[in-house]
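>>> Structure for this input, please:
(2 chains)
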Number of protein chains: 2
Amino acid sequence: MGESETTPGDLRRSGMALQHDREWDYELDRILTAIDDRDAHRVGLQFPEGLKRRGPAVVDDLRARAADDVRFLLSGQPCYGACDLDTFLMQRTDLFVHFGHSPMKQSDKILYVPLFSNVDPFPIMDAARAELAEEPVGLVTTAQHMNHFEAMVEWLEAAGYPVETRRGDERLTYEGQVLGCNYASADIDAEQVLYVGGGKFHPLGLAMEHPDKTVVIADPVNNVVTIADTEQFMKQRYGAVHRAMDAQTWGVIFCTKIGQGRMEEAEEILATNADAYMITMDEVTPDRLINFDVDAFVNTGCPRITTDDGPRFKKPMLTPQEYRIAIGEEPLDALRFDTFHGTW
Amino acid sequence: MGESETTPGDLRRSGMALQHDREWDYELDRILTAIDDRDAHRVGLQFPEGLKRRGPAVVDDLRARAADDVRFLLSGQPCYGACDLDTFLMQRTDLFVHFGHSPMKQSDKILYVPLFSNVDPFPIMDAARAELAEEPVGLVTTAQHMNHFEAMVEWLEAAGYPVETRRGDERLTYEGQVLGCNYASADIDAEQVLYVGGGKFHPLGLAMEHPDKTVVIADPVNNVVTIADTEQFMKQRYGAVHRAMDAQTWGVIFCTKIGQGRMEEAEEILATNADAYMITMDEVTPDRLINFDVDAFVNTGCPRITTDDGPRFKKPMLTPQEYRIAIGEEPLDALRFDTFHGTW
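Below you'll find the model as predicted:
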């Protein structure tokens, strides 16, 4: 499973680089129908990072079946979720196809192709029973495995577990779905949650958001069962907060990605701190922030940049709540995972 | 002058990291007047890379004199020219101040603060006379030194040189101005051109665009006189073209930055090459292109990414004309520097 590649608490790459080379269904028929229905001449295609390399082959397949005058444009922008649509390309094409994520918000212009996994989850779920207590279990998974969700529920029930599920909030498309920034689907009446899916990115967020629950990871991609352990991760957060307590000047990041903006959070800090400066950007990277000579940053954009990439930044980067702790507005033990709600 | 830091032909950093720490006039009075005139409540500020670190201090100075309810937002997007406005921030603020470049296109919304240099150009111009023949001389400089342009012309004339200048085309704001991508101001009737300004970035472009002219560099920032030598650079271009001659598949990059898009060039390639794929992006970086498994790239965006950063990319990256050479549509000896005209 490549555990040795990352230290505990270092979430980088966890679950982002999967070891199985899976076959995906790009739903070409549905795309071609949408092209016809809309009489589309310019079609934008956006893939998440791990699937961008498939882009040209998908274009080939579409070209072979679409009218000759249909132009396909591949987004070269980084893409890390349904919150991260390439709005430039979307605005300049007749049809915009977003692969690999479920809809965060429906739009006539956008066709979402979620790319469901063909991996069989049941053998690893069976192995995960060794870690489950004989009591109610919450079930969550990612968009990729939603095609099996109902069968997973039935399988668990047949195995004797009462199963608790919920849809979460409007940011989530499906019952039982989790996002890197939203675990409202695990707000259920069970002390243990079974996460079925690849990698540790989602279950670690889940365990941080629900520190009172045991999160059992059944990973059918890497074929491994583990328990999410957030200790190292939480130490990093406390460390970042402590380092930021001496900060005199603050850079307050507003992320301009369509589904990652929390302007009210940013405005609130600006309104009450004369030593805070608002910085707007799409990709929040260490390189870009090096240019801003402040003592610490508050990131109102994607929480996972703050928490997972935090160690890569030269200055402490905090979530909005961690900022309030650092300046003394909230007690240290109030620290919670930063979740993201709403759409745009 | 730090010559040893870069190999000849490697234009990276040349002129981008200047050694004098110059004082700039941020024209605060003009900005404050514009805020009042527009009754602006949200003001966007965009600095080029080298000056971003001054952003918070400029905000401090503006806050001290503006009404309390005026919010200042700093652009954290990379910025490499007047072609590279932060359109997100521009669209969401009442006034958008762009520092460090002259206007490529006027707009009521945008206030351009060019940041003229306070460096005295005349001592180094005097030293440059040793490299000038006693015949007509073309004079060019960058936006930073435009405040001295007329005095430079007079100084050269007083020294006995007939001086040739022109404004170039609509992409350029001033008589005698050059941009990294446009040297139309040197289309003058003189075999020698004197470039007054910092670094080699501009004069190397100038010498590539005008290979028949001698380009004398009078650099008042690094206090050095040199002759622009494009030999290594041209070898790199020929090398890239040769390596791309075997390419079966092509990525055609359309840059989404407001002043760097050439869709017609991109469309033309797509229309005639079934193995070409259009990729749209703002920042064109090696990391982003690694995701696309094609044999070579054609960059229809900023020519300086292609020519100066070319060696950093894993696959050959060509200008549109170099692409036509690589596929046999134009002869190798037709190779010319890719210049960019028009605005947006």
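
>>> which bits of the stretch 101-250 of chain A sit near chain B?
With CB under 8 Å from any CB of the partner chain as the criterion, the stretch 101-250 of chain A meets chain B at residues A:T249. All C-beta atoms are positioned from the backbone trio N, CA, C, and that covers glycine.

>>> can you give me the strands in the stretch 101-250 of chain A?
A:110-113, A:137-141, A:163-164, A:192-196, A:214-219, A:224-227, A:250-255 (DSSP state E, counting those that start in this stretch).

>>> TSV for those strands, including mean neighbour count, distance to B:A271 and mean pLDDT?
What follows is the strands of the stretch 101-250 of chain A, written out as TSV (neighbours: other CB atoms under 10 Å in any protein chain shown; distance: least, CB to CB, whole Å; pLDDT from 0 to 100):
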stretch	mean neighbour count	distance to B:A271	mean pLDDT
strand A:110-113	21	25	96
strand A:137-141	26	44	98
strand A:163-164	19	55	98
strand A:192-196	25	46	98
strand A:214-219	25	46	98
strand A:224-227	16	49	97
strand A:250-255	26	37	98
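
>>> Quick one: closest of the ones you listed to A:V178.
The minimum distance between A:V178 and these falls on strand A:137-141, with 4.8 Å, by CB to CB.

>>> Against which helices or strands is the closest one packed?
helix A:149-158, strand A:163-164, strand A:192-196 (3 or more CB pairs under 8 Å, 6 or more residues apart in numbering or on different chains; DSSP states H and E).

>>> Quick one: work out the angle between the first one and strand A:192-196.
Angle of helix A:149-158 versus strand A:192-196, following axes from the mean of the first three to the mean of the last three CA atoms, to 10 degrees, is 140 degrees.

>>> What are the buried residues along helix A:149-158?
The neighbour-count check on helix A:149-158 (16 or more other CB atoms under 10 Å in any protein chain shown) flags A:149, A:152-153, A:155-156 as buried.

>>> What of stretch A:262-276?
For stretch A:262-276, by 16+ other CB under 10 Å, it's A:262, A:265-267, A:269-270, A:276.

>>> Do you know the pLDDT at A:T285?
Looking at A:T285, its pLDDT stands at 96.

>>> would you list the helices and strands packed on strand A:137-141 in TSV and tack on distance to B:R336?
What follows is these, written out as TSV (distance: least, CB to CB, whole Å):
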stretch	distance to B:R336
helix A:149-158	59
strand A:163-164	68
strand A:192-196	58
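
>>> and the end-to-end length of stretch A:190-200?
21 Å (CA to CA, to the nearest Å).

>>> Give me the average confidence score over stretch A:232-246.
95.

>>> neighbouring contacts of the host helix or strand of A:F297?
Using DSSP states H and E, A:F297 sits in strand A:296-299. By CB atoms under 8 Å, 6 or more residues apart in numbering or on different chains, the residues outside strand A:296-299 that reach it are A:243-244, A:247, A:249-253, A:255, A:266, A:269, A:276, A:284, A:289, A:305-306, A:313, A:315-320, A:322-323, A:326.

>>> can you tell me which of those residues are in helices?
A:243-244, A:266, A:269, A:289, A:305-306, A:320, A:322-323, A:326 (DSSP state H).

>>> Which one of those residues is nearest to B:E134?
A:L289 (52.3 Å).

>>> In contact with A:V137: list those residues for me.
A:V137 touches A:156, A:161-164, A:190, A:192-194, counting by CB under 8 Å, 6+ apart.

>>> Repeat the analysis, applying 10 Å as the threshold.
A:128-129, A:156-157, A:159, A:161-165, A:188, A:190-194, A:214, A:216 (CB atoms under 10 Å, 6 or more residues apart in numbering or on different chains).
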